[in-house]
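Enquirer: heads up, no residue letters with this:
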């Protein structure tokens, strides 16, 4: 099993008749930014449980998550309640719990991911310099900030979005780059949830270097990714009232749109 | 009270100690498309209950909804469970129930909507012909299809997106227009949820005239709208695997971004 599959594994407890399906998870401290577990990773844990509880609908198609309080690495409980098992898809509610209470809650849709070509698309893959010409994101970031996630994800950012390192953000509100899983595993529908929740936040490109915790994030998996790296681009539209929206798209090595997301994050702006 | 406020009203039942707050609603058959109650309207009912249960956090900031089964007009129950009451915002889970079971479930964030100007924005309002040069959307649509919503919402669509009526969709995957509440009431943070879930679906502009039920929708309210009409634009990125993503933006009469949404809808494509 690859690193991601192990880190996001869930084990079904013996069903106790009625009520939600209950899974045990063991949250892995490496899938973290600073001391906070990564939001996309937490969604992947919830998504894996939703897929396991979805009967024949084993692919995650979409997930909308609310992040309530940061969980600690270590044991956690995942509850999945199927709201509707339809012919083409299953809708469920998932919750991540620790002793402190609900850490995250997400609405999931699972079903079969199609393999056919899109009927219509206006998606154009992000134009990026070649992977080898992009800048690797270090696990030991400037200022002594530790990003353990960068030990398990090999991310190379478009240098055009890295002005913030020298105190000269582009102010375009865009960050883009290449991502691979560091152990060489291929991306899959669940690990794409990690790729969509890119680090650093796009607010860095707007001269706002503070932590920008995700409040809600909705991710859509559009197809199974081809082997190889994914390209991911994040764009903000507006920052105001201490909130920022971020739209995210991911393309696979065959230039196909594989996943999209939108999130709203808290961000502190100068007054 | 205006029509929208009445149609989306919720009444708190006497608290029964612990558990979720329970509200009664009376779903109004006029806020419907065909015989299906409108998704944005259902989100508004859930949002009103979330705001009422949110203590001092009375403005809806964001809501992610899963539509499970279509409710019928008439009595419904809304349950709100506060997941976290923070300093700046309250996160809650809301559910809409009828005797048939859960009809919709949504994660909500409420808080105070700021009034200040954005810190940064790249939002450019949709360019539309003047309101009087756009085409009113009839409640009695071609083909005998009845859209009661158009009796309570005065919508005028950009003629550039109306080629589908003559069998010549633009194939741009875009529909845009002006909207007002028909009784003259001003838009507010909750009624914007209706404006964001525009009719017809953007798939009409792609030559796919079938019904395109929303599976999940995430809406973000960015500011309190100014009096007057709102402009709303919907864009699809890709249609494939029987699913379509739609990004929506709304601007008020002062050209300010007031709300955004993204949804994933089921859509049937020719094989």
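Expert: Nice, I can see it. The structure presented is a predicted model; accordingly, all values stated were derived computationally and were not measured. Numbers count the residues shown, from 1 in each chain, chains lettered A, B, ... in the order given.
Enquirer: CA atoms for contacts and neighbours, from now on please.
Expert: Noted.
Enquirer: which residue ranges form the helices in the stretch 101-250 of chain A?
Expert: Ranges of helices in the stretch 101-250 of chain A, per DSSP state H, counting those that start in this stretch, are A:149-152, A:192-196.
Enquirer: the shortest one packs against which elements?
Expert: If you count contacts as 3 or more C-alpha pairs under 8 Å, 6 or more residues apart in numbering or on different chains; DSSP states H and E, helix A:149-152 packs onto no helix or strand.
Enquirer: go again with 10 Å.
Expert: Counting contacts by 3 or more C-alpha pairs under 10 Å, 6 or more residues apart in numbering or on different chains; DSSP states H and E, helix A:149-152 packs against strand A:32-33, strand A:140-141, strand A:174-181.
Enquirer: residue A:32: neighbour count?
Expert: Using other C-alpha atoms under 10 Å in any protein chain shown, residue A:32 has 23 other residues around it.
Enquirer: any idea of the pLDDT on the spatially closest residue to it that is not a sequence neighbour?
Expert: Closest residue to residue A:32 apart from its sequence neighbours, by C-alpha to C-alpha, 6 or more residues apart in numbering or on different chains: residue A:38 at 4.7 Å. On pLDDT, residue A:38 comes in at 98.
Enquirer: residue A:38 touches residue A:7, doesn't it?
Expert: No. If you go by C-alpha atoms under 10 Å, residue A:38 and residue A:7 don't touch, sitting 12.0 Å apart.
Enquirer: between those two, which contacts overlap?
Expert: The contact sets of residue A:38 and residue A:7 overlap at A:28, A:29, A:30, A:31, A:44 (C-alpha atoms under 10 Å, 6 or more residues apart in numbering or on different chains).
Enquirer: just send those back as CSV, with pLDDT, secondary structure and neighbour count too.
Expert: Converted to CSV, the shared contacts of residue A:38 and residue A:7 look like this (pLDDT from 0 to 100; DSSP: H, G, I helix; E, B strand; the rest coil; neighbours: other C-alpha atoms under 10 Å in any protein chain shown):
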residue, pLDDT, secondary structure, neighbour count
A:28, 98, coil, 19
A:29, 98, coil, 18
A:30, 98, coil, 20
A:31, 98, coil, 27
A:44, 98, helix, 25
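Enquirer: for chain B, state which of these is nearest.
Expert: Closest approach to chain B among those (C-alpha to the nearest C-alpha): residue A:44, at 17.8 Å.
Enquirer: end-to-end on stretch A:43-60?
Expert: Its start and end residues considered, stretch A:43-60 measures 11 Å (C-alpha to C-alpha, to the nearest Å).
Enquirer: now stretch A:184-204
Expert: One end of stretch A:184-204 to the other measures 28 Å (C-alpha to C-alpha).
Enquirer: what are the buried residues along that stretch?
Expert: Neighbour-count burial for stretch A:184-204, with 16 or more other C-alpha atoms under 10 Å in any protein chain shown as criterion, is recorded at A:186-204.
Enquirer: stretch A:260-271 too?
Expert: A:260, A:261, A:262, A:263, A:264, A:265, A:266, A:267, A:268, A:269.
Enquirer: so the first one is in contact with residue A:220, correct?
Expert: This means residue A:260. Yes. Counting by C-alpha under 10 Å, residue A:260 touches residue A:220, with 5.2 Å between them.
Enquirer: format the helices of the stretch 101-250 of chain A as CSV; extra columns: mean pLDDT.
Expert: Converted to CSV, the helices of the stretch 101-250 of chain A look like this (pLDDT from 0 to 100):
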stretch, mean pLDDT
helix A:149-152, 98
helix A:192-196, 98
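Enquirer: can I get those helices in JSON lines with distance to residue B:245?
Expert: Formatted as JSON lines, the helices of the stretch 101-250 of chain A follow (distance: least, C-alpha to C-alpha, whole Å):
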{"stretch": "helix A:149-152", "distance to residue B:245": "29"}
{"stretch": "helix A:192-196", "distance to residue B:245": "16"}
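Enquirer: averaging pLDDT per element, find the lowest-scoring helix or strand in chain A.
Expert: One helix or strand of chain A scores below all others by mean pLDDT, DSSP states H and E: strand A:140-141, with a mean of 88.
Enquirer: sheet partners, orientation included, of it?
Expert: strand A:145-146 (antiparallel) (DSSP bridges).
Enquirer: tell me where the model's unsure across chain A.
Expert: Low-confidence segments of chain A (pLDDT under 70): A:15-16.
Enquirer: what about 50?
Expert: Within chain A, no range satisfies pLDDT under 50.
Enquirer: which residues in the stretch 101-250 of chain A form strands?
Expert: Under the criterion DSSP state E, counting those that start in this stretch, strands of the stretch 101-250 of chain A are mapped to A:101-111, A:120-121, A:135-136, A:140-141, A:145-146, A:153-157, A:174-181, A:214-221, A:230-240, A:243-251.
Enquirer: residue contacts, the spatially closest residue to residue A:44 that is not a sequence neighbour?
Expert: Nearest residue to residue A:44, sequence neighbours excluded (C-alpha to C-alpha, 6+ apart): residue A:190, at 5.3 Å. Residue A:190 makes contact with A:4-5, A:8, A:40-41, A:43-48, A:51, A:59-61, A:221, A:224, according to C-alpha under 10 Å, 6+ apart.
Enquirer: what's the spacing between residue A:27 and residue A:36?
Expert: Separation of residue A:27 from residue A:36 (C-alpha to C-alpha) stands at 11 Å.
Enquirer: quick one, which of the two is more surrounded?
Expert: residue A:27 (24 against 17).
Enquirer: beta-bridge partners for that one, please?
Expert: Beta-bridge pairing of residue A:27 under DSSP bridges involves residue A:74.
Enquirer: ok, it to chain B distance?
Expert: Distance, residue A:27 to chain B, by C-alpha to the nearest C-alpha, to the nearest Å: 21 Å.
Enquirer: what's the burial count for the residue lying closest to residue A:197 once chain neighbours are set aside?
Expert: Closest residue to residue A:197 apart from its sequence neighbours, by C-alpha to C-alpha, 6+ apart: residue A:40 at 5.3 Å. The tally of other residues near residue A:40 (other C-alpha under 10 Å) stands at 24.
Enquirer: how many residues are close by residue A:5?
Expert: By other C-alpha under 10 Å, the residues close to residue A:5 number 16.
Enquirer: quick one on the thing from earlier: helix, strand, or coil at the residue nearest to residue A:197?
Expert: Assigned with DSSP: H, G, I helix; E, B strand; the rest coil, residue A:40 falls in the helix class.
Enquirer: so what's it up against?
Expert: Residue A:40 makes contacts with A:31-32, A:46, A:65, A:190-198, A:214, A:217, A:219, as judged by C-alpha under 10 Å, 6+ apart.
Enquirer: ok, those vs residue B:22, which is closest?
Expert: The closest of these to residue B:22 turns out to be residue A:65 (C-alpha to C-alpha; 22.8 Å).
Enquirer: surely the closest one and residue A:41 touch.
Expert: No. The criterion here is C-alpha under 10 Å, and residue A:65 misses it with residue A:41 at 11.7 Å.
Enquirer: I'd like to know how many residues surround the closest residue in space to residue A:150 that isn't next to it in sequence.
Expert: Closest residue to residue A:150 apart from its sequence neighbours, by C-alpha to C-alpha, 6+ apart: residue A:139 at 4.7 Å. Residue A:139 has 19 neighbouring residues, counting by other C-alpha under 10 Å.
Enquirer: distance-wise, check residue A:139 relative to residue A:200.
Expert: Taking C-alpha to C-alpha, one finds residue A:139 at 12 Å from residue A:200.
Enquirer: hey, what's in contact with both of the two?
Expert: Common contacts of residue A:139 and residue A:200, defined by C-alpha under 10 Å, 6+ apart, comprise A:33, A:147.
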